[in-house]
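>>> Just need the structure, nothing else, for what follows:
(2 chains)
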Amino acid sequence: MDKKTVRTIAHLSRLSFDEKNEEKITNDLNNIIKFVDQLNDAETSNIEPLTSPLEKTARTRPDKVTAENRKEAFIKNAPSSNEDYILVPRVVE
Amino acid sequence: MLQKKEISNKEMVEDTFTLIESNKHLNAFVTLNKEESLKKAENLDNNPSNLALSGIPIAQKDLFCTKDLRTTCGSNMLSSFIPPYSATVIENLESAGCISIGKTNMDEFAMGSSNETSFFGNVENPWGEGLVPGGSSGGSASAVAAGIVAGATGTDTGGSIRQPASLCGITGLKPTYGRISRWGMIAFASSLDQAGPMARTAEDCALMLNEMCSHDPKDTTSLDENVPDFTQNLNSSIKGMKIGLVKEFDLSKLDNDVVKVFEESKRHYESLGAEFIEISLPNISLSVPTYYVVAPAECSSNLSRFDGVKFGRRCENPKDLEDLYVRSRSEGFGDEVKRRILIGSYVLSAGFYDAYYKKAQQVRRLIKNDFVSAFEKVDVIMSPTTRGTAFKAGSMGSDPIQMYLEDLFTIPANLAGLPAMSVPNGIVDNKPLGMQLIGNFLEESKILQVAHSFQSSTDWHLKTPNGDIS
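Okay, here's the model as predicted:
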């Protein structure tokens, strides 16, 4: 993994870091990837991936509204709001 | 004491806050719930209840949402987040009469094994200055070990209940995946996360577990299984019980003293009538690499919700929406969290998905299958919980992999979704040590029974940094 790849995944993750840290992060990530490369030792052809220990499909429920509307309680946690709306910088000019 | 009315509920809560104050140097708590706790205690004094855990002060890991009480997850990102609702497990404990006296410090977003990644500073292990309590449920472990509370909640994604329990000399249990609702638990790795009790004894863990477990329609992975009374089998004899020892766990790499403690516990179990059987888990050595693909992948998608828009920290004066996302996240998250998000994004990205994420999930199945075969031969599996005793803060250096290997013995149970616990079984250099008992799917009662039989005939669980409890 080179610095360019690290910059790409940082962008995908919406994270940034200064140049001083870039070197250390690239180094750490390379070590971690090298470490997990041990997985290649396992013979896994025809093995079904295991996504959850329960292996059950999610339950469905009747399509009914069960939650109450607590807009005010939730909007209180928004960093910036205007009555009913959560505010962000202008997106469309 | 509470039941005998030797002490009022209010006095009990007041004493707890006095202990928090005198143990302030441990930095075990992020937020206290004093006023509310005293109010509840007074209420109980005036209107006594016979609920199972009536008036018992409990410390809650700061990863569980608590209504109207700040919940930070050890992160700057949530340093002023006040949830409008409580996690199901918090509601369950409070409905059973528990008083949530405060929120305990933890590794940021539960990512760490030493409680050194919290935005609110390191937690001290009461067993020695500068010693880590383990992580990520380090504050909860430290609070129980110091005798501040009889019980605390923790969460365990790769060992975050069992490893700190081992390093602090207490008992901690991670139930079967799905036993306890994850609703209101801030998600790290959804297919691995599980809440559980941390307490002095297996019996106390069983009492807490009785109240913590429930089927919750709000969590699609919540198990719809009968919740037994986990205290019922505690006193049954373990004579004839088959305990598995994992051939692939190479104990020769551990310190002699650590191995000696483990061997002594084995002999003790033999004297109680248990039989040891060697089992093989051929893929177990790939547990840590598997975990470090699966957990970061799930974390990178879970933590994408922290975008500075709807809740949590937002940067000052963002110049546009993109800048708002990037700076809010970069300022809000610490280094370890960023590292895991980046790894997760990498292993999930186009071109690498099959090589890493899919591969890890395939190996995860092999590991689970290994356990399925092993449990055809044994009742429980026993191993050390950790490679050694508590280490000094800062001693792991800057290589993250050294810290990742701290969870070598604990990660497999998370990958397979099995219940597992850590039980104090010795002291080395004045520091406690724990052994791990892994049970088959839904067999919490059995590991609790095996743990209780040990604790009924030894006193390691009664040792505290301030002397033995009589």
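>>> For chain B, just list every one of the helices.
With DSSP state H as the criterion, chain B has helices at B:9-22, B:34-46, B:88-95, B:138-145, B:162-168, B:202-212, B:256-271, B:287-302, B:321-332, B:335-348, B:359-374, B:400-404, B:411-416, B:444-455.
>>> Just put those helices in TSV and tack on distance to chain A and mean neighbour count.
In short, each C-beta sits where N, CA and C put it, glycine included. Listed next are the helices of chain B as TSV, based on distance: least, CB to the nearest CB, whole Å; neighbours: other CB atoms under 10 Å in any protein chain shown:
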stretch	distance to chain A	mean neighbour count
helix B:9-22	27	17
helix B:34-46	18	16
helix B:88-95	14	22
helix B:138-145	22	34
helix B:162-168	17	35
helix B:202-212	18	25
helix B:256-271	24	15
helix B:287-302	4	24
helix B:321-332	4	19
helix B:335-348	5	24
helix B:359-374	3	21
helix B:400-404	5	18
helix B:411-416	6	29
helix B:444-455	15	24
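>>> can the ones you listed go into TSV with extra columns for mean pLDDT?
Putting these into TSV (pLDDT from 0 to 100) gives the following:
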stretch	mean pLDDT
helix B:9-22	97
helix B:34-46	97
helix B:88-95	98
helix B:138-145	98
helix B:162-168	98
helix B:202-212	98
helix B:256-271	97
helix B:287-302	97
helix B:321-332	97
helix B:335-348	96
helix B:359-374	98
helix B:400-404	86
helix B:411-416	98
helix B:444-455	98
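>>> will you turn these into TSV that also has distance to B:Gly55?
What follows is the helices of chain B, written out as TSV (distance: least, CB to CB, whole Å):
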stretch	distance to B:Gly55
helix B:9-22	4
helix B:34-46	5
helix B:88-95	12
helix B:138-145	18
helix B:162-168	24
helix B:202-212	13
helix B:256-271	35
helix B:287-302	36
helix B:321-332	38
helix B:335-348	37
helix B:359-374	40
helix B:400-404	39
helix B:411-416	33
helix B:444-455	24
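>>> All the strands of chain A, in order from the start?
Along chain A, counting by DSSP state E, strands occupy A:81-82, A:85-86.
>>> Wondering if the last one reaches chain B at all.
It refers to strand A:85-86. Yes. On the criterion CB under 8 Å from any CB of the partner chain, strand A:85-86 is in touch with chain B at A:Ile86.
>>> contact partners of that strand?
A:Ile75, A:Ala78, A:Ser80, B:Val309, B:Lys310 (CB atoms under 8 Å, 6 or more residues apart in numbering or on different chains).
>>> And the residue of chain B closest to chain A?
In chain B, the residue found nearest to chain A is B:Gly417; the distance is 2.4 Å by CB to the nearest CB.
>>> State the number of residues packed around the residue nearest to that residue when sequence neighbours are not counted.
Taking CB to CB, 6 or more residues apart in numbering or on different chains, and ignoring the residues beside it in sequence, B:Gly417 has A:Pro53 as its nearest neighbour in space, at 2.4 Å. A:Pro53 has 22 neighbours, counted by other CB atoms under 10 Å in any protein chain shown.
>>> so what's B:Ser86 closest to, chain neighbours aside?
Once its chain neighbours are removed from consideration, B:Ser86 has its nearest residue in B:Lys67; the separation is 4.3 Å (CB to CB, 6+ apart).
>>> B:Met382 now?
In space, not counting the residues next to it along the chain, B:Met382 is nearest to B:Ile243; the distance is 5.1 Å by CB to CB, 6+ apart.
>>> residue closest to the middle of chain A?
Closest to where the C-alpha atoms of chain A average out (CA atoms, centre = their mean) is A:Ser13, at 7.1 Å.
>>> What distance do you get for that one to B:Glu14?
From A:Ser13 over to B:Glu14 the distance is 47 Å, taken as CB to CB, to the nearest Å.
>>> could you flag which of the contacts of strand A:85-86 are buried?
Neighbour-count burial (16 or more other CB atoms under 10 Å in any protein chain shown) is assigned, among the contacts of strand A:85-86, to A:Ile75, A:Ala78, B:Val309, B:Lys310.
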